[in-house]
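Visitor: Provide a 3D model corresponding to the input given below.
(one chain, ligands or ions: 4)
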Amino acid sequence: RAKETGKARCVVYNARHSSPTDHDISLEAAMFQAVREGEFVLYYQPIVDAGTREIEGFETLMRWKHPTLGMVPPARFIPLAETNGLINLLGAWALKAACVQLRQFEEAAKRPLYISVNISPRQFRNDKFLDVLDDAIAYSGLAGEQLVLEITEGTLMIDPVHAEAILGKMAERRARIAIDDFGTGYSSLAYLKNFPISVLKIDRAFIRDLPGSQKDGAICNAVLDLAKHLSLSVVAEGVETEEQLQYMRERGCRYVQGYLTGKPMAANVAVAALREHHYADVMRDQPQRATG
Ligand code: C2E
Ligand code: MG
Ligand code: MG
Ligand code: MG
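Guide: Ligands and ions are numbered 1, 2, ... in the order given. Take a look at the predicted model:
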């Protein structure tokens, strides 16, 4: 066992000391293998109501469970998949699997929830994307409104004319569009006027130093004000402290997502949490009903 681990480390060691390109190539080769071996898994992070702390939905976050490297974070493999085109395959799988997973979440929670899925720029531009979307909705049987597609400002800006057409098609399917990492990309606010956007996700970079940072506070306030007047909902990303949650909640931010209210978790862990919560609710409600 010790020898095995030693060997595995040696491989990593060698890879690290070769040029970054070689390392990427070996990781890339491993990725194709990983798809065949089923090493990619989906984690789910709760998106909660800032006031009630009830789970309203989940963001789907991809993980690579590599047999020797351990958990490879998406920041390492998504850019590679984006370059080699594997993202189309991985993304189609993630979208369909997440939609199916939502049914089990709802079953456990005994109430409607939504699922949010990240769509990479290359996926968004792919000819087959709308077919993939239709297949995921039809196969899972969820209502279009229960699906939120997260795209970045960059995705919209590569080709705004094409983006507008695709967003229109998404809206026809009633799927909602969220702008991910809002405020960090190169973009024009005009797209908020012209495109059918429903949700702004304020990037973690603007939340991290709250409530101390006046500048971040000013930016968050401005975004919340803008969203209110455009009837968009806002999710604060990366909320880690109670103070950050309260700051955003008091200023009208309805939803939060972050380690404070739930880390990304395996599907079975999320199901257990939803069931337990539902059960706790039932137990709490029963005596009240009994006494009228
Ligand atoms: P993102 O879509 O902005 O996802 C939020 C990231 O913030 C996740 O990182 C999540 O684990 C992390 N996060 C959430 N709450 C907190 C917090 O309180 N503190 C801190 N420090 N971090 C928090 P993750 O899972 O490593 O994903 C990174 C990025 O990789 C995602 O950013 C997204 O752009 C991309 N990604 C992940 N899964 C997929 C996928 O299935 N498809 C595509 N195209 N991209 C994905
Ligand atoms: Mg996201
Ligand atoms: Mg984000
Ligand atoms: Mg982000």
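
Visitor: Need phi/psi at the residue minimising distance to the centre of the chain.
Guide: To find the centre residue of the chain, average its C-alpha atoms and take the closest one (CA atoms, centre = their mean): that gives Glu59, at 3.6 Å. Here the main-chain torsion angles of Glu59 (degrees, to the nearest 10) amount to phi -90, psi 140.

Visitor: Glu150 is in contact with that one, correct?
Guide: Yes: the pair Glu59 / Glu150 is scored as a contact, 7.3 Å apart, by CB atoms under 8 Å. Backbone N, C-alpha and C define where each C-beta goes, glycine included.

Visitor: Please enumerate the shared neighbours of those two.
Guide: With contacts taken as CB atoms under 8 Å, 6 or more residues apart in numbering, Glu59 and Glu150 have 116-118 as neighbours in common.

Visitor: now, among the residues you listed, which is nearest to Ala109?
Guide: Within the set of those, Ser116 lies nearest Ala109; the separation is 15.7 Å, counting by CB to CB.

Visitor: secondary structure element for that closest one?
Guide: Element membership for Ser116, per DSSP states H and E: strand 114-118.

Visitor: likewise Tyr191?
Guide: helix 190-194.

Visitor: Report the mean per-residue pLDDT for that helix.
Guide: Computed over helix 190-194, the mean pLDDT rounds to 89.

Visitor: in it, what's buried?
Guide: 191-192 (16 or more other CB atoms under 10 Å).

Visitor: quick one: that helix to chain centroid distance?
Guide: The chain centroid and the centroid of helix 190-194 are separated by 23 Å, computed with CA atoms, centre = their mean, to the nearest Å.

Visitor: Just the CA trace of it, in CSV.
Guide: The C-alpha coordinates for helix 190-194 follow below in CSV (Å, rounded to 0.1, in the frame of the first residue of the first chain):
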residue,chain,number,x,y,z
ALA,A,190,-27.1,47.1,-21.9
TYR,A,191,-27.5,43.4,-22.0
LEU,A,192,-29.7,43.7,-18.9
LYS,A,193,-32.0,45.7,-20.9
ASN,A,194,-32.0,43.7,-24.1
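
Visitor: Tell me the residues of the chain that contact ligand 1?
Guide: Residues of the chain that fall close to ligand 1, judged by CB under 6 Å from any ligand atom: 45, 60-62, 73-75, 78, 91, 94, 118, 120, 150, 180-181, 204, 238-240, 257-259, 264.

Visitor: Quick check on those residues: which are buried?
Guide: Looks like the residues of the chain next to ligand 1 have 45, 60-62, 78, 91, 94, 118, 120, 150, 180-181, 204, 238-239, 257-258, 264 buried, using 16+ other CB under 10 Å.

Visitor: Just the ones in helices from those residues, please.
Guide: Using DSSP state H to define helices, the subset of those located there is 78, 91, 94, 204.

Visitor: Point out where the protein drops to low pLDDT.
Guide: Low-confidence regions of the chain, defined by pLDDT under 70, span residues 1-22, 287-292.

Visitor: For it, what lies in contact range of ligand 2?
Guide: Taking CB under 5 Å from the ion as the criterion, the chain approaches ligand 2 at residues 118, 150, 180.

Visitor: how about those in a markdown table, adding distance to Gly38?
Guide: Formatted as a markdown table, the entries for the residues of the chain next to ligand 2 read as follows, by distance: CB to CB, whole Å:
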| residue | distance to Gly38 |
| --- | --- |
| Asn118 | 20 |
| Glu150 | 24 |
| Asp180 | 27 |
